[in-house]
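>>> predicted model, plus sequence, below.
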2 protein chains.
Amino acid sequence: MATADPVFANGSPFKDPSPGRLASVYSDVQTNRLNHPLPLPSVLKSPFKLLDGPESSAAGNPDEIAKLFPNLFGQPSAKLVPADSDPSDLPSSLKIGVVLSGGQAPGGHNVISGIFDFLQEKAKDSILYGFKGGPAGIMKGKYVVLTPQFIYPYRNQFKQAEDTVTKLDLDGLVVIGGDDSNTNACLLAENFRQKKIKTQVIGCPKTIDGDLKCKEVPASFGFDTACKIYSEMIGNVMIDARSTGKYYHFVRLMGRAASHITLECALQTHPNIAIIGEEVAVKKQTLKNVTDFITDIICKRAELGYNYGVILIPEGLIDFIPEVQQLIAELNEILAHEVVDSEGLWKNKLQHQSKVLFEFLPQAIQEQLLLERDPHGNVQVAKIETEKMLISMVETELQKRKSVGQYAGNFKGQSHFFGYEGRCGLPTNFDASYCYALGYAAGALLQSGKTGLISSVGNLSAPVEEWTVGGTALTSLMDVERRHGKFKPVIKKAMVELDGAPFIKFEVMRDEWALKNRYISPGPIQFIGPGSNDVNHTLLLELGAQA
Amino acid sequence: MATADPVFANGSPFKDPSPGRLASVYSDVQTNRLNHPLPLPSVLKSPFKLLDGPESSAAGNPDEIAKLFPNLFGQPSAKLVPADSDPSDLPSSLKIGVVLSGGQAPGGHNVISGIFDFLQEKAKDSILYGFKGGPAGIMKGKYVVLTPQFIYPYRNQFKQAEDTVTKLDLDGLVVIGGDDSNTNACLLAENFRQKKIKTQVIGCPKTIDGDLKCKEVPASFGFDTACKIYSEMIGNVMIDARSTGKYYHFVRLMGRAASHITLECALQTHPNIAIIGEEVAVKKQTLKNVTDFITDIICKRAELGYNYGVILIPEGLIDFIPEVQQLIAELNEILAHEVVDSEGLWKNKLQHQSKVLFEFLPQAIQEQLLLERDPHGNVQVAKIETEKMLISMVETELQKRKSVGQYAGNFKGQSHFFGYEGRCGLPTNFDASYCYALGYAAGALLQSGKTGLISSVGNLSAPVEEWTVGGTALTSLMDVERRHGKFKPVIKKAMVELDGAPFIKFEVMRDEWALKNRYISPGPIQFIGPGSNDVNHTLLLELGAQA
């Protein structure tokens, strides 16, 4: 089989123009991981065939989705089942392109390995292209966010993508990405089918945030590895906190839209406090509520003699608090038109609730909101270091309580942000196997002529051999959002469900964790021996809940 | 053997009053580590006896050290050698205390396990006490830094320690700590011997900073684990940097007095830039020099098409820059007496060089220096986030170069501080074995009647079985510092030597690392399989250089 220089190491070879890269030295562990034999679900190890399921629908607004995807809507999901022999009518020579799209996640190259090995095994004369630089490698332009006129602005890009896949005579394209990337994969599939271009498009679920999942796609890859890396660090910080006995560690964790990472890390490590954004939103909590919640626990712990602790905070916390969104909106409006006078008279333009909130914010955050703005003049919410802001607000509240005799402890905050460290670690055994199966499945779906499906591997709490393999209609994951009067198709992000098993377990345990110290230090990810094949709590609990 | 409730888990049981702790749940990996059989040097596995070496001296000013330690000075180091049978005249019933002193480091409880198992094996009727809360557990007071009148202010504390060891009828006390703690151990040993108190004192070298070492004590424990944890994170960030292609990650690493951690992490991961404080000091570099050095490499990389990179910075960088020390001293003086006027006229009180430096600092750092002061009114250097300061200064310099056409790249800085995460991780196989041998040796030294020695285990690049075991006279590690007209004994911190093998290797490689991408991702610490028994580069290179 001929290939376009695929590099099946971890990291992201397709995005790196470095000539020096291939000469890289690997660490012992890296080398060992490169040679690690990857298991496959049994169904992929013997002859198999594809079985179509019933006609599919959409996650919401099926009529609108049907209009947006006239060529794809309603197609069945497919399932791989054992057969006496491989179908004889499948092509043995395929040209496949693959692209990593969106944020980094551990395991992406195992997906590519899976596609590669599938072709090697079942379609020997194939060529596999890896597009460099993400979607830009296909579009020959920079990546552009979907606009309200969802299809028109893409026309040129589709045109460029059409040119590329036509020039390369591609039979298939695998898009490895999150919700946006898979939405785009579906749009591409629709466009190619409409234009009678033969290139089929298959998606794969990638995001460490864990917010791309549904019944048939129980997990996005990268989540398991990232959470285990963060939990290693949190566990270490916990032991340090207890041993030192004098710091409150405020740990902000990556994950802007959903709080899955924070919840999973809490289940792995048992922190004293973990704030879940979705709960804050549902309960319509204010920043003051969150501050008081933390402060109350710190005061109770001080009475027990504990002046230390570990608190987990999701990166996107601020986005979940309605009053903060309101303040930001008003600030953007005011700052666009008013002068910020040093006497603070401008503040009278704020609505009462927003003014109270602004005054409540630590001075450093106030200044940051007023001074650091993006090129459009907007306040940069993403730049706020939530963990430092909370430390400052808790400190102020504790001083207040101390002055009236309600608190007699000592408080010293330490801030942490665990983010980039978790996106490119060596994948866990789970992610490595899961990715490999996703890739292998993508190859099988393409060879069988499928398009507009997302590779789906299920029964993930069982041993790898028993995993189920198939493809799910991307349109069945979709709903529409109405923006500027037009419908835009979206794969809805999976949020933390307050009635889901992972949150319920957390809810049952958290009062005990708050006051007693039930810290668990998971230690570094192991590739051999005890714990090396553990699956994350979120996945296990969700699968258990479904069963 | 009776014991005072020793808990030989990781973490710091002696400092934690939590009743819930013993009920803690352990992770799979933790449990496995608890059951991990620890190897011992061969000499400890068969009958052995102690051989005294020649009379010892001091690291400097032997006459002064002799006056400060009249009862201990000159005593020989001891070495354990195989014997036909264990000496029959050694006590079989010992009362030993052990205390963890100073900052956290992985492996401390393996030392305690070593002492425990030694007693179990060779002195069955012994009792082992673990003092809670660090030295305060012995002194019944808070820990106090050595003052110029080095012995007098300690008299009461020594008195309290005397009371405790007398009340417990202690034969021995093991102090596990860094340079200060071992200096105190030696002062205690001297004091006990002078007062004819039977309690012997043995030290053990603990500090993740790696700055307590000499020929006979080739490493302090914790350094190996901490550097491997930091290197895991750095390696992950490197792969992310290369994959994303758009960030410069500025990583500040723990280690205030010496830059061993930064150097070791550089040797493990091959960053584009690593600043070594000792080199900055020797070359009398200014902050502007350091900024320019970084900026130059960023510009060269931009020409090669790389707008990303990883830069390591030691926590103590600022302390190595003479001009910064000068500015701080002047600021402390001025702020104590002058009003900081908003027109900035006060700045004219600064010497020219200091004024230039102050103006060169980013505004946020200027404000921090002026506003945030400790209870004595002093500027808080330790609070400066060096990595953010450098990002800001590099950014300014790049903008300047861009405006004159010398730079056409894009720069986005991301800051990280890796500190507490590394102090309480599960110890590596190396640290676990090293600590266990240190503890076992401490037991043997105490049983043989030794005092004022530091447990020393050598030949560390060989398999554990071949390690040498003994004790080194603590006075032989000492020099004096003259403060307020009095001599104060100190174990001199081991700094990065610019003519030492680790730095020379770094120096030879760094130009290549700067421009080509030679990143290595060591991955998470493994306890089984490939890489699990690797020893850190610093130790290997230093041992090689000595051989």
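On my side now, so go ahead.
>>> near chain B, which residues of the stretch 251-400 of chain A? Just list them.
A:268, A:270, A:305-306 (C-beta under 8 Å from any C-beta of the partner chain). For the C-beta atoms, the positions are set from N, CA and C on the backbone; glycine is no exception.
>>> among those residues, which ones are buried?
A:268, A:270, A:306 (16 or more other C-beta atoms under 10 Å in any protein chain shown).
>>> now the residues of the stretch 251-400 of chain A next to chain B as CSV including secondary structure, distance to B:Lys355 and pLDDT?
Below are those laid out as CSV (DSSP: H, G, I helix; E, B strand; the rest coil; distance: C-beta to C-beta, whole Å; pLDDT from 0 to 100):
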residue, secondary structure, distance to B:Lys355, pLDDT
A:Gln268, helix, 52, 96
A:His270, coil, 52, 97
A:Gly305, coil, 49, 95
A:Tyr306, coil, 47, 97
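>>> list the buried residues of stretch A:193-204.
Buried residues in stretch A:193-204, counting neighbours by 16+ other C-beta under 10 Å, are found at A:193, A:197-204.
>>> how close does the residue nearest the centre of chain A get to A:Asp180?
In chain A, the residue lying closest to the centroid (C-alpha atoms, centre = their mean) is A:Asp209, at 2.3 Å. The gap separating A:Asp209 from A:Asp180 is 12 Å, by C-beta to C-beta, to the nearest Å.
>>> out of the buried residues of stretch A:193-204, name the ones that lie in strands.
Those of the buried residues of stretch A:193-204 mapping onto strands are A:200-204, per DSSP state E.
>>> out of these, who's nearest chain B?
A:Cys204 (16.7 Å; C-beta to the nearest C-beta).
>>> tell me if I'm right that that closest one and A:Ile176 touch.
Yes: assessed by C-beta atoms under 8 Å, A:Cys204 is found in contact with A:Ile176 at 4.4 Å.
>>> neighbours of A:Gly405, how many?
A total of 7 residues lie near A:Gly405 under the criterion other C-beta atoms under 10 Å in any protein chain shown.
>>> the residue of the stretch 251-400 of chain A found nearest chain B and A:Gly245, how far apart?
Taking C-beta to the nearest C-beta as the measure, the point where the stretch 251-400 of chain A comes nearest chain B is A:Gly305, at 6.2 Å. From A:Gly305 across to A:Gly245, the span is 9 Å (C-beta to C-beta).
>>> give me the mean pLDDT for stretch A:255-264.
Per-residue pLDDT over stretch A:255-264 has a mean of 94.
>>> likewise for stretch A:130-137?
66.
>>> which non-adjacent residue is nearest A:Thr468?
A:Gly458 (4.2 Å; C-beta to C-beta, 6 or more residues apart in numbering or on different chains).
>>> quickly note the distance from the one you found to chain B.
A:Gly458 sits 25 Å away from chain B when distances are taken as C-beta to the nearest C-beta, to the nearest Å.
>>> just give me the neighbour total for that residue.
Based on other C-beta under 10 Å, the number of other residues close to A:Gly458 is 20.
>>> that one: what's it in contact with?
A:216, A:218, A:467-470 (C-beta atoms under 8 Å, 6 or more residues apart in numbering or on different chains).
>>> again, but for A:Ile298
Counted by C-beta under 8 Å, 6+ apart, A:Ile298 has contacts A:248, A:309, A:394, A:398, A:407, A:409, A:411.
>>> could you do A:Leu398 as well?
Here A:Leu398 is in contact with A:295, A:298-299, A:407, A:409, A:411 (C-beta under 8 Å, 6+ apart).
>>> if we go to 7 Å?
By C-beta atoms under 7 Å, 6 or more residues apart in numbering or on different chains, the residues touching A:Leu398 are A:295, A:298, A:407, A:411.
>>> return the per-residue confidence for the first one.
We note a pLDDT of 98 for A:Thr295 in this prediction.
>>> reformat the contacts of A:Gly458 as a markdown table; add pLDDT, neighbour count and distance to A:Glu338.
As requested, those are exported to a markdown table (pLDDT from 0 to 100; neighbours: other C-beta atoms under 10 Å in any protein chain shown; distance: C-beta to C-beta, whole Å):
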| residue | pLDDT | neighbour count | distance to A:Glu338 |
| --- | --- | --- | --- |
| A:Glu216 | 90 | 20 | 52 |
| A:Pro218 | 95 | 20 | 50 |
| A:Trp467 | 93 | 22 | 59 |
| A:Thr468 | 94 | 18 | 59 |
| A:Val469 | 93 | 26 | 59 |
| A:Gly470 | 93 | 25 | 57 |
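>>> ok, now how distant is A:Asn32 from chain B?
A:Asn32 is 4 Å from chain B, by C-beta to the nearest C-beta.
>>> I'd like to know how many residues surround that residue.
The burial count for A:Asn32: 18, using other C-beta under 10 Å.
>>> for the stretch 201-350 of chain A, which segments count as strands?
A:248-253, A:273-274, A:309-314 (DSSP state E, counting those that start in this stretch).
>>> format those as a markdown table; extra columns: mean neighbour count.
As requested, the strands of the stretch 201-350 of chain A are exported to a markdown table (neighbours: other C-beta atoms under 10 Å in any protein chain shown):
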| stretch | mean neighbour count |
| --- | --- |
| strand A:248-253 | 26 |
| strand A:273-274 | 24 |
| strand A:309-314 | 27 |
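>>> tell me who's in contact with the residue nearest to the centre of chain A.
Contacts of A:Asp209 (C-beta under 7 Å, 6+ apart): A:255, A:257-258, A:260-261.
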